[in-house]
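[1] here is the input, now give the coordinates:
(one chain, ligands or ions: 1)
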Amino acid sequence: MTSITLPERHLPWPTPWVEIFARDAPLLVEIGFGGGHFLRDLAQKRPSANIIGVEISLPSLRRGERKIVHAGLSNVRLLQCSARYLFWALCAPGSVAEVYINFPDPWPKAAHHQRRLINESFLHLLATRMKVNGRLDIATDHADYAQWITEALAQMPYFDSRLPVPFVTEDNERLRTKYENIALAAGRTCHYYKWRRNETPAPDTFPPPEELPMPHVILETPLSLPDIENHFTPFHVAEDDAHIRFMEMFLARDEASLLVDTYLKEEPMAQRVGLQIRLRPSGDLVVGLHELGFPRPTSGIHTAVRHLADWVVSLHSEGHIVRHNLQQQMGEGTDLPN
Ligand SMILES: C[S@@+](CC[C@H](N)C(=O)[O-])C[C@H]1O[C@@H](n2cnc3c(N)ncnc32)[C@H](O)[C@@H]1O
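    This next block holds a predicted model:
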């Protein structure tokens, strides 16, 4: 049997969900399904919906997978990634019919509030990916987070409450989650939000990432690869929305290549990749992306290759770029042949 857990790192941007589920049906998403009880019950109750469960926790993913498989359900797919990545990169605009967020982590300390999943930016992202009239259901047992959610929703012109009030504290109709049962047994008040995506257009400021050709820069420098390695100290570059950390450099035993351990954060994703500086028989160097770990050559990766090549060139007055295939210019104001 094919696994119901999908390899989120390799899915197309955006993902053709109709092909993945092999049928055209309303697309529902549960964010942070935890033990998977609600997800299983939802899938049983809605056999004619295509349902995605997204979790960042691997143990939860495994538990959810066992529950869905044990129940013999074929209308669910699971992903281990952040909800932000799922909506931003994998869901096409206007494609999601229903979103369920049950008991999101409340991050109670003020210093951690920026980690809260629900904020105006996330709601705006949801608004771009949801269908008009799509349902957004949120539940929390945390009074402070409830107030935060109420304020964030009130700021958003793209959603309206389906009830005459922003939330209710009792809902005997809904499927219960594990966390909810614990909260209710402990006497905590739960806040239930039942909202809908309205007709107000939401500007899409979340362009899905794009896969570009594998980048390469060919350059010449009198320096040897061991010389270059000697010059290296970790450095960090921030450009547009990309944050790149060149962390460590490794010289191959045959001294014919350098591998640069690189961390790249570009919304909505982060990649840990190996950039490579390779000596060619012709004596020039090629800077590119090593295939280790099957990285995806995004625009941020092109930016990282450009900065690394610029750095190598800057080490010697005779260093210069010969050519490149980057969809960006090399160096500050340098117009180089493609
Ligand atoms: C407090 S638990 C609630 C679990 C379940 N919904 C319930 O009500 O029993 C919050 C869950 O959200 C998951 N989570 C946190 N941040 C997430 C994110 N950005 N994307 C997807 N899942 C996330 C956590 O791993 C955790 O399982």
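
[2] ok, and what's touching the helix or strand of the chain with the lowest mean pLDDT?
    Of the helices and strands making up the chain, the lowest-confidence element is helix 178-185, at a mean of 93, by mean pLDDT, DSSP states H and E. Judged by CB atoms under 8 Å, 6 or more residues apart in numbering, the contacts made with helix 178-185 from elsewhere in the structure are 34-35, 37-38, 102-103, 139, 141, 176, 190. The way it works is simple: take the backbone N, C-alpha and C, and place the C-beta from them, glycine included.

[3] which members of the residues you listed additionally contact the ligand?
    When CB under 6 Å from any ligand atom is applied, the members of the contacts of helix 178-185 adjacent to the ligand are 34-35, 102-103.

[4] residues of the stretch 101-250 of the chain that sit close to the ligand?
    Taking CB under 6 Å from any ligand atom as the test, the list of the stretch 101-250 of the chain residues beside the ligand reads 102-105, 117, 177-180.

[5] and the helices in the chain?
    Along the chain, the segments classed as helices by DSSP state H run 17-21, 37-45, 58-70, 83-85, 120-129, 143-155, 178-185, 225-231, 299-314.

[6] who does the longest one touch, helix- and strand-wise?
    Applying 3 or more CB pairs under 8 Å, 6 or more residues apart in numbering; DSSP states H and E, we find helix 299-314 packed against strand 216-220, strand 235-239, strand 242-251, strand 257-266, strand 269-279, strand 285-289, strand 320-324.

[7] skip the chain neighbours and tell me the closest residue to the residue nearest in space to the middle of the chain.
    What sits nearest the mean C-alpha location of the chain, by CA atoms, centre = their mean, is residue 85, with 2.4 Å. In space, residue 85 comes closest to residue 268 once its chain neighbours are excluded; the distance is 4.7 Å by CB to CB, 6 or more residues apart in numbering.

[8] ok, residue 83 touching residue 52?
    No. Under the criterion of CB atoms under 8 Å, residue 83 is not in contact with residue 52, lying 10.0 Å apart.

[9] do you know how far the residue lying closest to residue 30 once chain neighbours are set aside is from the ligand?
    With sequence-adjacent residues excluded and distances taken as CB to CB, 6+ apart, residue 30 is closest to residue 100, at 4.5 Å. As defined by CB to the nearest ligand atom, to the nearest Å, residue 100 lies at a distance of 8 Å from the ligand.

[10] what's the neighbour count on residue 100?
    With neighbours defined by other CB atoms under 10 Å, the count for residue 100 comes to 23.

[11] cool, residue 66 as well?
    Residues lying near residue 66 (other CB under 10 Å) number 12.

[12] please apply the same query to residue 216.
    Burial of residue 216, expressed as a neighbour count using other CB under 10 Å, amounts to 17.

[13] so what pairs up with it in the strands?
    On DSSP bridges, the residues paired with residue 216 through beta bridges are residue 288.

[14] check contacts around it.
    Remark: with contacts taken as CB under 8 Å, 6+ apart, residue 216 is in contact with 286-288, 305, 324-325.

[15] next one, pLDDT for it please.
    Turning to residue 216, the model gives it a pLDDT of 97.

[16] how's the chain carved up into domains?
    Following automatic domain parsing, the chain resolves into domains at 8-197, 216-324.

[17] so how far is the first residue of the first one from its last?
    End-to-end span of domain 8-197 (CA to CA, to the nearest Å): 26 Å.

[18] swap in stretch 293-306?
    Terminal residues of stretch 293-306 are spaced 21 Å apart (CA to CA).

[19] pLDDT averaged over that stretch - what is it?
    Stretch 293-306 comes out with an average pLDDT of 94.

[20] give me the nearest residue to residue 208, chain neighbours excluded.
    Nearest-residue entry for residue 208: residue 13, 4.5 Å, with adjacent residues in sequence omitted and distances by CB to CB, 6+ apart.

[21] quick one: contacts for that neighbour?
    For residue 13, the contact set (CB under 8 Å, 6+ apart) comprises 89-90, 208-211.

[22] let's see that with 6 Å instead.
    89, 208-209 (CB atoms under 6 Å, 6 or more residues apart in numbering).
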